[in-house]
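Engineer: Output the structure for:
(2 chains)
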Amino acid sequence: MGRYVLKRLLAMIPTLIGVAVLIFILLRVIPGDVVEARYLAQGSQFQSQDLMDQERAKLGLDKPLWQQFTTWMTGLLRLDFGLSMWTGSPITEEIKLRFLLSLQLAIMASTIATCLAIPLGIIAAMKQDTWVDYAVRVFSITGLATPSFWLGSLMILSMLIVFKWVPPMVFTPLWVNPWENLAQLIWPALAVGYRYCAVGTRMMRSTMLEVLREDYIRTARAKGLWVKLILTRHALKNAILPVLTVISTEFAFLLGGLVVTEQVFNLNGLGMLFVEGISHRDYTMIQALVLLVATFFLTINFVVDIAYGWIDPRIRYR
Amino acid sequence: MAAAPHSVEELARAEAQASGWLSAVGEFIRRRPLGAVGAAIIVLTMVLAVAAGWIAPYDPLLNDYAAMLAAPSASHWLGTDAFGRDVLSRIIYGSRTALTVGLGASLIGTLCGSLIGVGSAYFGGRTDLIVQRVMDVFFAFPVIILALAVVAILGTGAGNVILAIATPMVPRCARVVRSAALSAREMPYVDAARASGFGHTRIIVRHMLPNVMAPILIMGTAFLGEAILLEASLSFLGLGVQEPTAAWGLMLRGAAVEFAETAPWMAIFPGLAISLAVFGFNLFGDSLRDALDPRLRTH
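Structural biologist: Numbering: from 1, shown residues only, chains lettered A, B, ... in the order given. Now for the predicted structure:
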């Protein structure tokens, strides 16, 4: 087990390096850079070439690519993400400011999704091809089909019309005023959670359907065991693993911010930072964010794999 | 009765030919009512897209300055937008954008993904290992971020959006197809083809691909809905299809947000169109999966 954990942890390193190289190259292929973006934003497109070159030299953009890459990598080894090319402040600070919001939203959305998805999926599987199954399937397919940014706009719109409530411009942290914080975040959490729940429900339904056809379930039924016991002890334990994977993968990506939904609810999370970074051509910021999301994703995948062995004793790692 | 059937067999054959695909459709509707609803929605969307010119009451680009932000009425069923353009007509024309991008992206995505997946499984060994590591890297990127990066590089516009949406689909399709192809590779017919001295391309395209068609079809239909959603998200962010093209995501942007309180029809109907179309594709795709995946077969 110990060796397996170590092996898996080490295997993450080449993937992360791959992600770093890929995003580094992708960003340099995008036309324009941060200096041009800033002058465009200031409305003066006819800056002298000298001035722009000076700016580039200040940011280290004049150095050869391999040198820029090694500078970034050596910084990372010291856990230093460097400075944002756009604002000039440390990226760690910028991310820290927004991470709590994204984390809270991710936790809220996945709680909503998990609490709905697992029971709904089980019920649908047990009553396959009845109206209950159809209702659950329509509910979950609608969830997959509804863009969460549009659902969010509809929520804001209906609250605007019914309660005259406008989403506040400033984010209230949980410890300052928990009530206000929850009132602010519950809507985006629901908008995102619906889609998320739909993904989980479908997975739960189809794995449950597969498991319910297994011989040991028939045996358990024939023995006259309680349906409840069969479900929790025999079926759920075997069906839950893929659902766990789906839910945790979504969670990892939610942690990285909601690129579109944050725009609708005017939330200053990591997704907002990413969109701004792209339009500002803020290389260092986007590199840091992408690497962060990839790390979340790989770590969570790793944790899930370990959890597999713990939930399902048939899986043993070497 | 010149062409009267002479035997029972002939009679049966004539019967089967006449009602062959009709009865198949009937059977599908009876067995999978949800899938039939999905198929109906898809057909409706396609008809709208093909016949937009005849169906749409107005030119989607026509500005009617006398009726800006007009509420739904007899002349403008779903109202008009901030430029006085008819919302219904724009939704009808928008189905063209949605279908083009959806079909294009899922076709390119599944095609590239399947070839990579089958190739990776067929060659195995070091090739497989390298391909899998590269796919792992792509997997660690969130879909929308990868699509945004590609759009930023290629620029906006329908063609580039198709490529941007297809990119994140390739590794996902490749992974699923690879695992299906791994078992197909062990089949005797592949060995037989190899023993007959056929080239790699021929074995991959003629022998392996047809045998992993079921997962490819399932992925393809699932991608269709996703591609339409992703196109809407990109257009909503202003990084997809550009004005004045009629596109559903684009219609939800800008003025639709600004005037949401006074002109809610601008924010509601295009979103409904997106949901309905994607709903149809997903419903159909689901039934297709149930029908093609023997492990999920009901009876």
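
Engineer: Now residue B:254. Nearest residue, chain neighbours left out?
Structural biologist: Closest residue to residue B:254 apart from its sequence neighbours, by CB to CB, 6 or more residues apart in numbering or on different chains: residue B:82 at 7.8 Å. Glycine gets a C-beta too; all of them are placed from N, C-alpha and C.

Engineer: wait, that neighbour sits on residue B:65?
Structural biologist: No. Applying CB atoms under 8 Å as the test, residue B:82 and residue B:65 come out as separate, 10.9 Å apart.

Engineer: Which one's more surrounded, the two?
Structural biologist: Using other CB atoms under 10 Å in any protein chain shown as the criterion, residue B:82 and residue B:65 rank with residue B:82 on top: 15 against 7.

Engineer: Chain neighbours aside, what residue packs nearest to residue A:150?
Structural biologist: Sequence neighbours aside, residue B:271 is the residue nearest to residue A:150 in space, at 3.7 Å (criterion: CB to CB, 6+ apart).

Engineer: for the one you found, phi and psi?
Structural biologist: The phi and psi values for residue B:271, taken as degrees, to the nearest 10, are phi -60, psi -40.

Engineer: The helix or strand containing residue B:104 near chain A anywhere?
Structural biologist: Using DSSP states H and E, residue B:104 sits in helix B:87-123. No. Applying CB under 8 Å from any CB of the partner chain, one finds helix B:87-123 separated from chain A by no less than 12.0 Å.

Engineer: Taking their axis directions, the helix or strand following that helix and helix B:87-123 sit at what angle?
Structural biologist: The element immediately downstream of helix B:87-123 (helix or strand, assigned by DSSP H and E) is helix B:125-139. Put simply, helix B:125-139 runs at 150 degrees to helix B:87-123, going by axes from the mean of the first three to the mean of the last three CA atoms, to 10 degrees.

Engineer: For the residue nearest to residue B:254, which residues are in contact?
Structural biologist: Counting by CB atoms under 8 Å, 6 or more residues apart in numbering or on different chains, residue B:82 makes contact with B:68-69, B:254-255, B:258-259, B:263, B:266.

Engineer: Kindly report the same for residue A:256.
Structural biologist: Shown in contact with residue A:256 (CB under 8 Å, 6+ apart): A:102, A:270-271, A:274, A:289, A:292-293, A:296, B:142, B:145.

Engineer: One more: residue A:192?
Structural biologist: Residue A:192 sits next to A:105, A:109, A:148, A:254, A:258, A:261 when contact means CB under 8 Å, 6+ apart.

Engineer: let's see 6 Å
Structural biologist: By CB atoms under 6 Å, 6 or more residues apart in numbering or on different chains, residue A:192 lies in contact with A:109, A:148, A:261.

Engineer: Same check on residue A:116?
Structural biologist: For residue A:116, the contact set (CB under 6 Å, 6+ apart) comprises residue A:197.

Engineer: quick one: residue B:244 and residue B:97, what's the gap?
Structural biologist: To residue B:97, residue B:244 is 12 Å away according to CB to CB, to the nearest Å.

Engineer: And the two? Which one has more around it.
Structural biologist: Neighbours of residue B:244 and residue B:97, each counted by other CB under 10 Å, are more numerous for residue B:97; the result is 24 against 12.

Engineer: separation between the nearest residue to that one once chain neighbours are set aside and chain A?
Structural biologist: Leaving aside its chain neighbours, residue B:97 sits nearest to residue B:247 (4.2 Å; criterion: CB to CB, 6+ apart). Per CB to the nearest CB, to the nearest Å, residue B:247 is found 13 Å from chain A.

Engineer: what about residue B:247, neighbour count?
Structural biologist: Burial measure for residue B:247: 31 neighbouring residues, criterion other CB under 10 Å.

Engineer: same question, residue B:75
Structural biologist: Taking other CB under 10 Å as the neighbour definition, residue B:75 ends up with a count of 12.
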